[in-house]
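Novice: Here is my input, please return the structure:
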Amino acid sequence: MVPHLVTALTGPINELEQRILDSMPAIERWFRLEWMEHTPLFYSSVDVRNAGFKLAPVDTDLYPTGWNNLTAPMLPLAVQAAMAAIEKICPEARNLLIIPDNHTRNTFYLSNLAQLRTVFHMAGLNVRLGSISPDVKKPATIELPGGTSITLEPVVRAKGRLVVKDFDPCTILLNNDLSTGVPGILEDLHEQFLLPPLHASWATRRKSTHFRIYEEVAKRFGKLIGVDPWLINPMFDRCGNVNLATAEGVQALTAQVDALLARVRKKYKEYGIKEKPFAVVKADNRGSSAGLMTVRDTKDMAGMIQKARAANTQLASGEQELIIQEGVLTNERINDAVAEPVVYMMDRYVVGGFYRIHADRGVDEDLSAPGAAFVPLAFADSTHLPQPGIRPGASAPNRFYMYGVIGRLAMLAASYELEATDPDAEQYE
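Specialist: Residues are numbered from 1 along each chain as shown. Now for the predicted structure:
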């Protein structure tokens with residue numbers, strides 16, 4: 001269920017990780033039963049932080065980009081998962097239309113589209129890229145590093161369907177989180193499959209809803225394997241609408257951060273953790289996982305808010321929906337740079353991952369910031385070969401399995417979330 005990939009962290013397995021590894025049969029059965037009752041997301045990615053004493057998701061993306069960071073050996077896993085996902089949704093599918101983000105001149109993002117196109121082409125589909133940007137009025141071919149290219153074509157609405165010239169898809173895949181709102185061209189598509197559904201977009205989705213549901217999933221999973229759910233769940237609090245341009249708004253946010261930090265300190269004391277707890281303040285209704293500010297001591301918050309407002313025009317303009325999340329340290333390093341794994345999934349399968357690294361950030365800072373780089377994960381060497389220092393028949397533990405478990409828990413929570421927020425769900429008395 002989870003590929004054996006080489007992680008940056010290679011030290012001894014800690015108690016939490018060992019518990020997850022020892023519980024693998026029970027865990028996989030639990031997931032199988034969950035997917036019998038609930039629909040996996042078509043695709044997703046999850047940022048995971050491993051503090052040693054705690055292993056938890058900090059962000060779940062339902063419109064994942066960065067597929068170009070998956071290595072060539074991971075492609076067969078992605079293709080098989082894509083085939084399984086398409087077969088469930090539209091077995092007779094021939095044509096797939098990918099709708100990208102409107103800001104499409106970033107070559108890194110465009111390479112991500114090229115990789116997605118490759119995955120679905122290898123899964124047996126005709127694939128085209130259709131833009132809903134008003135700036136794209138005719139097909140435009142863009143050359144990419146490595147000799148590949150993509151062609152963006154304008155999407156039009158014809159007889160209640162989305163099409164590009166001479167191409168009528170049965171399935172439409174959004175790689176655009178619609179954070180600025182849902183355009184009319186995507187509404188009321190009753191004859192085509194739109195993935196993910198519109199209520200997965202940031203026009204309606206809230207991080208606080210996701211983490212509230214994840215908290216319940218973590219409780220059930222913790223009971224299954226016999227661990228405190230806090231060890232796999234970041235505490236959080238929803239701040240709601242707050243205006244940081246006012247003294248009242250600053251005071252309200254400071255009070256909530258202080259209360260969350262007090263709860264985290266209590267847990268640190270319970271487990272004898274000597275590290276200093278911290279909290280991350282994020283937008284509740286935007287896709288970027290980047291924290292607006294990292295708070296270690298609320299005495300510094302007034303100055304931090306002033307600095308954040310100066311750097312962030314959205315913070316400076318009226319009320320904002322905010323979420324306060326317990327910060328999770330990362331023990332991972334690549335070439336002395338702080339790192340965190342990102343787990344990629346399609347349907348219910350983990351298909352790979354990579355490390356996000358940042359040379360200028362600390363272990364308690366957000367890595368989704370300018371200057372971040374990405375390091376692909378490699379498959380572990382065959383465990384059939386003798387390994388120095390390891391007794392015959394033994395193999396190195398699959399630490400990435402733990403990351404895959406956390407990723408799937410977050411993906412399961414997102415599935416629950418979309419079921420709960422589906423505007424077209426059937427109501428039963």
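Novice: Which stretches in the chain count as helices?
Specialist: Using DSSP state H, the helices found in the chain span residues 15-22, 24-37, 75-89, 107-122, 207-225, 247-271, 301-311, 399-421.
Novice: what about the longest one, average pLDDT?
Specialist: What it means is helix 247-271. For helix 247-271, mean pLDDT is 94.
Novice: same thing with the fifth one?
Specialist: In this model, helix 207-225 carries a mean pLDDT of 97.
Novice: mind checking how far the helix or strand of the chain with the lowest mean pLDDT is from the chain centre?
Specialist: The weakest-scoring helix or strand in the chain, judged by mean pLDDT, DSSP states H and E, is helix 301-311 (a mean of 77). Shown here is helix 301-311, whose average C-alpha point lies 27 Å from the average C-alpha point of the whole chain (Cα atoms, centre = their mean, to the nearest Å).
Novice: Then stretch 363-370?
Specialist: Per Cα atoms, centre = their mean, the displacement of stretch 363-370 from the mean C-alpha position of its chain is 15 Å.
Novice: And for stretch 179-194?
Specialist: Using Cα atoms, centre = their mean, the mean C-alpha position of stretch 179-194 is found 22 Å from that of the whole chain.
Novice: got the helices of the chain as CSV, with distance to L173 columns?
Specialist: Every residue, glycine included, has its C-beta placed from N, CA and C. Rendered in CSV, the data for these read as follows (distance: least, Cβ to Cβ, whole Å):
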stretch, distance to L173
helix 15-22, 32
helix 24-37, 21
helix 75-89, 10
helix 107-122, 8
helix 207-225, 21
helix 247-271, 37
helix 301-311, 34
helix 399-421, 16
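Novice: Can you tell me which of those helices is most buried?
Specialist: For those, the stretch with the most neighbours on average is helix 399-421, a mean of 23; neighbours defined as mean count of other Cβ atoms under 10 Å.
Novice: Among the helices of the chain, which comes closest to P196?
Specialist: Between P196 and the helices of the chain, the shortest gap by Cβ to Cβ is with helix 399-421, which sits at 7.5 Å.
Novice: Contacts only, for I20.
Specialist: 27, 225, 401-402, 405 (Cβ atoms under 8 Å, 6 or more residues apart in numbering).
Novice: Save those residues as TSV, and put in distance to L125 too.
Specialist: Listed next are the contacts of I20 as TSV, based on distance: Cβ to Cβ, whole Å:
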residue	distance to L125
I27	32
I225	38
Y401	30
M402	33
V405	30
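Novice: Touching, P341 and N50? I think so.
Specialist: Yes. Look at P341 against N50 with Cβ atoms under 8 Å: they come within range, at 7.5 Å.
Novice: before we move on, the earlier item: which of the helices of the chain sits closest to K282?
Specialist: Evaluated over the helices of the chain, closeness to K282 peaks at helix 207-225, with 6.6 Å, by Cβ to Cβ.
Novice: Pull the distance from that closest one to the chain's centre.
Specialist: Using Cα atoms, centre = their mean, the mean C-alpha position of helix 207-225 is found 16 Å from that of the whole chain.
Novice: got the angle for that helix vs helix 399-421?
Specialist: Put simply, helix 207-225 runs at 130 degrees to helix 399-421, going by axes from the mean of the first three to the mean of the last three Cα atoms, to 10 degrees.
Novice: and helix 207-225, what other elements does it pack with?
Specialist: helix 24-37, strand 55-61, strand 236-242, strand 320-326, helix 399-421 (3 or more Cβ pairs under 8 Å, 6 or more residues apart in numbering; DSSP states H and E).
Novice: just the angle between that helix and helix 24-37, please?
Specialist: Going by the same axes, to 10 degrees, helix 207-225 makes 130 degrees with helix 24-37.
Novice: Can I get helix 207-225 in CSV, CA atoms only?
Specialist: The C-alpha atoms that make up helix 207-225 are tabulated as CSV, following Å, rounded to 0.1, in the frame of the first residue of the first chain:
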residue,chain,number,x,y,z
LYS,A,207,-8.9,24.3,7.0
SER,A,208,-10.7,24.4,10.4
THR,A,209,-13.4,22.1,9.1
HIS,A,210,-10.8,19.7,7.8
PHE,A,211,-8.8,19.6,11.0
ARG,A,212,-11.9,19.2,13.1
ILE,A,213,-12.8,16.1,11.2
TYR,A,214,-9.2,14.9,11.2
GLU,A,215,-9.2,15.2,15.0
GLU,A,216,-12.1,12.7,15.1
VAL,A,217,-10.3,10.3,12.7
ALA,A,218,-7.1,10.5,14.8
LYS,A,219,-9.1,9.6,17.9
ARG,A,220,-10.5,6.5,16.3
PHE,A,221,-7.1,5.6,14.8
GLY,A,222,-5.3,6.2,18.1
LYS,A,223,-7.8,3.8,19.8
LEU,A,224,-7.1,1.2,17.1
ILE,A,225,-3.3,1.1,17.6
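Novice: got the angle between that helix and helix 15-22?
Specialist: Our comparison of helix 207-225 with helix 15-22, counting by the same axes, to 10 degrees, yields an angle of 70 degrees.
Novice: which residues are contacting helix 207-225?
Specialist: Residues from elsewhere that reach helix 207-225, judged by Cβ under 8 Å, 6+ apart: 19-20, 23, 26-27, 30, 57, 59-60, 228-229, 231-234, 236, 238, 282-285, 323, 325, 409-410, 412-414, 416-417, 420-421.
Novice: Could you rerun that using 6 Å?
Specialist: With contact meaning Cβ atoms under 6 Å, 6 or more residues apart in numbering, helix 207-225 is reached by 19, 23, 30, 60, 229, 232-233, 236, 238, 284, 323, 409, 412-413, 416-417.
Novice: Out of those, which two sit at the greatest distance?
Specialist: The most widely separated members of these, counting by Cβ to Cβ, are S23 and D284 (33.0 Å).
Novice: Between these two, point out the one with more neighbours.
Specialist: D284 (22 against 17; other Cβ atoms under 10 Å).
Novice: Check whether the more buried one really touches R206, as I assumed.
Specialist: Yes. Contact status for D284 versus R206: in contact at 5.1 Å, counting by Cβ atoms under 6 Å.
Novice: In a markdown table: the helices and strands packed on helix 207-225, plus mean pLDDT.
Specialist: What follows is the helices and strands packed on helix 207-225, written out as a markdown table (pLDDT from 0 to 100):
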| stretch | mean pLDDT |
| --- | --- |
| helix 24-37 | 96 |
| strand 55-61 | 96 |
| strand 236-242 | 90 |
| strand 320-326 | 92 |
| helix 399-421 | 95 |
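Novice: could I get these as JSON lines with distance to V350?
Specialist: As requested, the helices and strands packed on helix 207-225 are exported to JSON lines (distance: least, Cβ to Cβ, whole Å):
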{"stretch": "helix 24-37", "distance to V350": "11"}
{"stretch": "strand 55-61", "distance to V350": "13"}
{"stretch": "strand 236-242", "distance to V350": "24"}
{"stretch": "strand 320-326", "distance to V350": "23"}
{"stretch": "helix 399-421", "distance to V350": "4"}
